[in-house]
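>>> Got a predicted model here, sequence first, then my questions.
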Amino acid sequence: MTKIEENALQEFVEVVRRLRQECPWDKIQTNRSIRHYTIEEVYELAEAIDQEKWDEVKGELGDILLNVFLHSQIAEDEGKFTLVDVVRSETKKMIVRHPHVFGNVEADTPEQVKVNWERIKTEEGRESIFDGIPAAFPALARAFKIQDRAAKVGFDWGNAEEVWPKVEEEMKELRQAVKSEDAKRVEEEFGDLLFSLVNYARHIGVHPESALRTAVEKFQKRFLYIEDELDKRNVSLHDASLDEMNDLWEKSKKGV
């Protein structure tokens, strides 16, 4: 690390410490009270990356860094741990979990690295391969993570073509459930279909959370086009016919 980098980090540490001492808002915060800000910043970073707005990515990374420093400073003020403890703990963990870099273990592919990573985590005392997957994760992301963990110990389909019949099977079962008008069964079968689609997505190299987010953004942009065009015609969205909206929808697909 260069002297300039060291000075920049030290200045940031001092800024956060001063905020905790002198800012009325920062002084009363706790790790729990700012946790939702941390979550929001991660989502904002993800959006900036998706949109490839690199100046915004830089800014969002800074916001996340602020959260890391602030969480650490609050913990230090309360005698729990310090920023140095955080850094040293993470450094040690990275060294231990990368024996192919810092030791004599061989791992020539990303897949081998992932397998070693999960094995080491188990050896560290994890009771289940699913330990560490937050229940608060978005459901699609959690499903992907759980399937990925199971796959790392060999419980997986061989390829995407083997998964697709399961998707079709779950789709058939959902349609049967809908006909039964059993609401509980419908919800369960719909969940099974989503879970099988997540499995298929994983095998074709697609992250379902990212894919759905992209689809939602695309839908929103196209519908905003409908709103704008109707507004130009002085037609209320509530008064527009379905045919009008469908026509505009098709036009929006050419440019959105």
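Noted; the coordinates are in hand.
>>> any idea how far Y200 is from Y225?
For Y225, the distance to Y200 under the criterion Cβ to Cβ, to the nearest Å works out to 31 Å. Glycine gets a C-beta too; all of them are placed from N, C-alpha and C.
>>> Show the low-confidence segments of the stretch 1-150 of the chain, by residue range.
Residue ranges of the stretch 1-150 of the chain with pLDDT under 70: none are present.
>>> What count of nearby residues applies to I120?
16 (other Cβ atoms under 10 Å).
>>> same check, this time on V235
One way to gauge burial is a neighbour count; for V235, by other Cβ under 10 Å, it gives 13.
>>> where's stretch 145-156 relative to the chain centroid, distance-wise?
Stretch 145-156 has its C-alpha centroid displaced from the chain centroid by 18 Å (Cα atoms, centre = their mean, to the nearest Å).
>>> can you tell me how far E173 sits from H203?
21 Å.
>>> Compare these two and say which is more crowded by neighbours.
Counting neighbours by other Cβ under 10 Å for E173 and for H203 shows that H203 has the greater number, 19 against 16.
>>> Identify the residues contacting that one.
Taking Cβ atoms under 8 Å, 6 or more residues apart in numbering as the criterion, H203 is in contact with 157, 159-160, 163.
>>> Buried ones only from these, please, as a PyMOL command.
Command for PyMOL, covering only those of the contacts of H203 found buried under the criterion 16 or more other Cβ atoms under 10 Å:
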select buried, resi 157+163
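>>> can you list the contacts of H203 in JSON lines and add pLDDT?
JSON lines is the format used below for these (pLDDT from 0 to 100):
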{"residue": "W157", "pLDDT": "94"}
{"residue": "N159", "pLDDT": "95"}
{"residue": "A160", "pLDDT": "96"}
{"residue": "V163", "pLDDT": "97"}
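>>> List just the nearest of the contacts of H203 to S210.
Among those, A160 lies closest to S210 (Cβ to Cβ), at 17.5 Å.
>>> Among the contacts of H203, which lie within helices?
Counting by DSSP state H, the contacts of H203 place 160, 163 in helices.
>>> Dump the contacts of H203 into a markdown table; add distance to R88 as well.
As requested, those are arranged in a markdown table below (distance: Cβ to Cβ, whole Å):
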| residue | distance to R88 |
| --- | --- |
| W157 | 41 |
| N159 | 42 |
| A160 | 42 |
| V163 | 42 |
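>>> Stretch 152-168: which residues count as buried?
152, 156-157, 163-164, 166-167.
>>> typo on my end, stretch 100-117
In terms of neighbour count (16+ other Cβ under 10 Å), stretch 100-117 has its buried residues at 107, 113, 115-116.
>>> so how far is that stretch off the chain centroid?
So, by Cα atoms, centre = their mean, the centroid of stretch 100-117 is 24 Å from its chain's centroid.
>>> hang on, isn't Q21 packed against V15?
No - distance between Q21 and V15: 10.9 Å, which falls outside the contact criterion (Cβ atoms under 8 Å).
>>> So what's the residue count around D231?
A count of neighbours around D231, defined by other Cβ under 10 Å, yields 11.
>>> Which secondary structure state does it sit in?
Secondary structure assignment for D231 (DSSP: H, G, I helix; E, B strand; the rest coil): helix.
>>> What score does it have for pLDDT?
Among the per-residue scores, D231 holds a pLDDT of 94.
>>> re the thing from before, with distance to D239 as extra columns, can I get the buried residues of stretch 152-168 in CSV?
CSV is the format used below for the buried residues of stretch 152-168 (distance: Cβ to Cβ, whole Å):
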residue, distance to D239
K152, 55
D156, 52
W157, 50
V163, 45
W164, 43
K166, 45
V167, 40
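>>> Please identify which of these is nearest to R32.
The shortest gap between R32 and any of the buried residues of stretch 152-168 belongs to K152, at 32.5 Å (Cβ to Cβ).
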